[in-house]
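1. next one to model:
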Amino acid sequence: MLEKVKEKLRKVLKEVSMNKSDLVVLGFLRRKSMYGYEIIQWLKTHHMDEWADVKMPSVYKAMQRLEKKEYISGEKVTEGNNPPRTVFSITEKGKEFLLEMLEYFMVKSENPHDFWIGICFLNQGFTKGKFLQILTDRKQKMKEHLKCHKQHFEQMKSTEKWKLMPFYIKTLMKMGTKMNAIEIESLDELKKEAENKENEIFFIKED
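-> Down below sits the predicted model:
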């Protein structure tokens with residue numbers, strides 16, 4: 001019983017340490033050093049404040065947290081007569097943590113949306129072989145979800161409960177099936193592109 005409690009606590013602590021705002025900050029800073037304001041602008045340009053639900057206050061808090069843990073470093077820079085501003089850069093320690101986060105978001109997280117947030121910062125995150133395996137595993141999981149969803153949907157249609165169900169709930173159930181099918185199609189597209197030799201620059205070289 002005690003071991004189960006400890007395991008649950010470890011899982012909670014892991015999820016707390018692996019949050020979206022940290023991933024976004026580290027992911028953008030791996031591309032180039034930026035001011036805090038620039039990170040916010042990139043966030044808005046990619047609409048991640050909307051579809052990924054990463055808000056501006058959480059990003060500033062993440063920068064403070066990551067700097068304290070030495071995952072990023074800040075340097076005061078003065079341009080012309082303007083007040084000094086802090087330019088943030090990712091550290092080697094931060095790069096290692098970013099790779100851990102990508103592994104968590106794309107493989108271990110139980111939130112189905114986390115995979116696609118991780119994809120945004122894929123560049124040089126995995127070897128080509130590992131990425132292809134991640135896609136294969138996720139596709140298998142999604143196919144199982146789709147199969148279960150279809151079975152449940154067909155079973156519901158033959159019940160009296162279905163006849164009494166509001167039309168908007170029926171539409172939502174149909175939408176769930178379509179979304180699973182679209183994700184499988186997108187995973188196939190990712191696999192095809194990953195196997196293209198022109199895209200090998202986005203992966204860590206195999207040993």
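
2. which residues does the residue lying farthest from the centre of the chain contact?
-> What lies farthest from the middle of the chain is E160; by C-alpha atoms, centre = their mean that is 40.3 Å. Neighbouring residues of E160 by C-beta atoms under 8 Å, 6 or more residues apart in numbering: there are none. The way it works is simple: take the backbone N, C-alpha and C, and place the C-beta from them, glycine included.

3. gap between it and F153?
-> 16 Å (C-beta to C-beta, to the nearest Å).

4. tell me how many other residues crowd L190.
-> Using other C-beta atoms under 10 Å, L190 is surrounded by 18 other residues.

5. related to what we said a few turns ago, need phi/psi at the residue farthest from the centre of the chain.
-> phi -70, psi -30 (degrees, to the nearest 10).

6. and if you look at G125?
-> According to degrees, to the nearest 10, G125 has phi -90, psi -30.

7. ok, the one 10 residues further on next?
-> In this entry, L135 is assigned phi and psi values of phi -60, psi -40 (degrees, to the nearest 10).

8. so what secondary structure elements neighbour the helix or strand where K44 lies?
-> Following DSSP states H and E, one finds K44 within helix 36-45. On a contact count with 3 or more C-beta pairs under 8 Å, 6 or more residues apart in numbering; DSSP states H and E, helix 36-45 meets helix 20-31, helix 56-68, strand 85-90.

9. quick one, which of the ones you listed gets closest to K141.
-> helix 20-31 (21.0 Å; C-beta to C-beta).

10. for the closest one, which outside residues touch it?
-> 34, 39, 42-43, 48, 52-54, 58-59, 61-63, 65-66, 71-72, 88-90, 94-95, 97-98, 101-102, 105, 114, 117-118, 120-121, 123-124.
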